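Novice: Below is the structure, and that's it, no one-letter string:
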């Protein structure tokens with residue numbers, strides 16, 4: 001017999017923590033919530049702008065994907081941004097391979113898209129990163145359904161590169177911002 005709590009108990013405990021955090025957030029003064037929102041908007045804007053600018057300098061096909069990725073992974077702290085970034089890059093890699101593989105094996109039709117989506121999501125869950133599953137499906141969709149010129153392998157590779165660029169910019173911005181925030185707030189008592 002194991003002393004570990006059951007899945008149901010773990011989920012109940014996580015739900016309670018989530019509800020407690022939501023309660024605390026809802027009861028912050030509106031000015032505090034506004035300042036947190038403004039700070040987060042600044043982080044997202046800086047990360048997206050850096051990613052887009054670097055994407056243009058590097059002549060990526062669609063630099064806006066780097067900016068979108070930077071916005072998607074930017075969180076209020078570095079650890080959350082890193083976790084979100086991990087899911088994003090794994091999702092992009094798995095989705096690219098699934099999309100490219102589906103087109104290579106089955107051609108360009110809806111049946112191949114169905115197989116690509118199922119393969120991408122299934123692979124993420126099989127690898128133990130279910131949190132990246134929806135992102136892998138998004139990447140597969142982008143690779144297979146968004147009109148493009150050139151080969152699918154080049155689209156897949158470029159997409160992963162644009163995601164990596166967005167992630168790098170978000171991580172850099174949040175790392176610097178976290179240091180600035182710690183400096184401004186000062187050490188805890």
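Specialist: Good, I have the coordinates. Source: prediction; values computed, not measured.

Novice: Who are the contact partners of the residue most central in space within the chain?
Specialist: For the chain, the residue lying nearest the average C-alpha position, counting by C-alpha atoms, centre = their mean, turns out to be residue 88 (3.6 Å). Counting by C-beta atoms under 8 Å, 6 or more residues apart in numbering, residue 88 makes contact with 69, 72, 73, 132, 135, 163, 166, 167. Yep, even glycine has a C-beta here, placed from its N, CA and C like the rest.

Novice: now swap in residue 129 and tell me
Specialist: 86, 87, 90.

Novice: phi, psi of it?
Specialist: Backbone dihedrals for residue 129, given as degrees, to the nearest 10, come out at phi -130, psi 60.

Novice: for residue 167, same thing?
Specialist: When quoted as degrees, to the nearest 10, the phi and psi of residue 167 stand at phi -60, psi -50.

Novice: Hmm, residue 69 and it touching each other?
Specialist: Yes. Residue 167 is in contact with residue 69 according to C-beta atoms under 8 Å; the separation is 6.2 Å.

Novice: Give me the more crowded residue out of the two.
Specialist: Using other C-beta atoms under 10 Å, the more surrounded residue of residue 167 and residue 69 is residue 69, with 29 against 26.

Novice: Any figure for the gap between that one and residue 55?
Specialist: With distances taken as C-beta to C-beta, to the nearest Å, residue 69 is found 10 Å from residue 55.

Novice: Now do the SS call for the closest residue to residue 75 other than its chain neighbours.
Specialist: For residue 75, the nearest residue in space outside its immediate sequence neighbours is residue 81; the separation is 4.4 Å by C-beta to C-beta, 6 or more residues apart in numbering. Secondary structure, DSSP: H, G, I helix; E, B strand; the rest coil: residue 81 is helix.

Novice: Now do the strand or helix carrying residue 43: which elements does it pack against?
Specialist: Element membership for residue 43 (DSSP states H and E) is helix 30-57. If contacts are counted by 3 or more C-beta pairs under 8 Å, 6 or more residues apart in numbering; DSSP states H and E, helix 30-57 sits against helix 64-73, helix 152-185.

Novice: Out of those, which is closest to residue 35?
Specialist: The minimum distance between residue 35 and the helices and strands packed on helix 30-57 falls on helix 152-185, with 11.6 Å, by C-beta to C-beta.

Novice: Give the buried residues for the closest one.
Specialist: Of the residues in helix 152-185, 152, 155-156, 158-171, 173-174, 177-178 count as buried by neighbour count, 16 or more other C-beta atoms under 10 Å.

Novice: can you check stretch 43-54 too?
Specialist: Residues 43, 44, 46, 47, 48, 50, 51, 52, 54 are the ones in stretch 43-54 that count as buried (16+ other C-beta under 10 Å).

Novice: Kindly report the same for stretch 103-112.
Specialist: 103, 112.

Novice: got the end-to-end distance for it?
Specialist: As for stretch 103-112, its first-to-last residue distance stands at 6 Å under the measure C-alpha to C-alpha, to the nearest Å.
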